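Peer 1: Build the 3D model from these lines:
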Amino acid sequence: MTNDEPLRPGAQPRIGDLLRSAAARAVPVVGGIGDASLGAPTPCAAYDVRALLNHLYGVVVHFQALAAKQSAELSTTTDWLADADWRDRFETETGKLVEAWSAPGAEEGTTGGMGLPARTVGTMVLLDLTVHAWDLARATGRDFTPDPVVVDGLVGEVEAMAPMARKAGVFEEAVALPGDATPFERLLATTGRDPYAPRG
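Peer 2: Coordinates of the predicted model:
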């Protein structure tokens, strides 16, 4: 990832640009995870660090196909961390994800087998790349600050999809926050995460 210039507020950014910025923040988090931390718990109760990395890795790979209006087998389980160079390969695959969603027409129409608006699907992978980077940073004792423009691009979409996501078991119940919570803290709380949970 070489283009990590901050996005500028204004007109609605394209998903590819938002993903580029999100990836520039997420890749260093993943690259900084040591093997000794792979068994640590994360804010996602169902996942330890290894399992969450495998989940995020799979999302990054499979959503490349969805950007091209192809089907993706999202239910398959793969050990993406089996080889020692998994950190470098994650960076490579994340770059491919950005390229896929930056291609002309990627966020137009609907995606392959999911039958959802392409921009909505792009928002889903943007959300995963952002909140799971926070999960992984939190689990390994680090801070994570996303691009504010990425957060702005997510808040409305995530609030709209939250009721359905909770019914599907994707989100936990929203966490109550004080009135002065930041937009990113509100985004995390909408997905059922406690923004003030202690670091690992």
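Peer 1: which ones are touching G141?
Peer 2: Taking C-beta atoms under 8 Å, 6 or more residues apart in numbering as the criterion, G141 is in contact with 199-200. Placement of C-beta: from N, CA and C, glycine included.
Peer 1: Give me the secondary structure label for it.
Peer 2: Under the three-state scheme (DSSP: H, G, I helix; E, B strand; the rest coil), G141 adopts coil.
Peer 1: Distance check, it against P195.
Peer 2: Relative to P195, G141 is positioned 16 Å away (C-beta to C-beta, to the nearest Å).
Peer 1: L56 now?
Peer 2: In terms of C-beta to C-beta, L56 sits 19 Å off from P195.
Peer 1: Can you show me the helices along the protein?
Peer 2: 15-31, 49-67, 86-102, 118-139, 148-167, 183-190 (DSSP state H).
Peer 1: What are the buried residues along the lowest-mean-pLDDT helix or strand in the chain?
Peer 2: When each helix and strand of the chain is scored by mean pLDDT, DSSP states H and E, helix 148-167 comes last, with a mean of 92. Residues of helix 148-167 classed as buried: 149-154, 157-158, 161-162, 165-166 (neighbour count, 16 or more other C-beta atoms under 10 Å).
Peer 1: got the angle for it vs helix 15-31?
Peer 2: Put simply, helix 148-167 runs at 80 degrees to helix 15-31, going by axes from the mean of the first three to the mean of the last three C-alpha atoms, to 10 degrees.
Peer 1: what is the orientation angle of helix 148-167 with helix 183-190?
Peer 2: Going by the same axes, to 10 degrees, helix 148-167 makes 10 degrees with helix 183-190.
Peer 1: Check which helices and strands helix 148-167 is in contact with.
Peer 2: In terms of contacts (3 or more C-beta pairs under 8 Å, 6 or more residues apart in numbering; DSSP states H and E), helix 148-167 is packed against helix 15-31, helix 118-139, helix 183-190.
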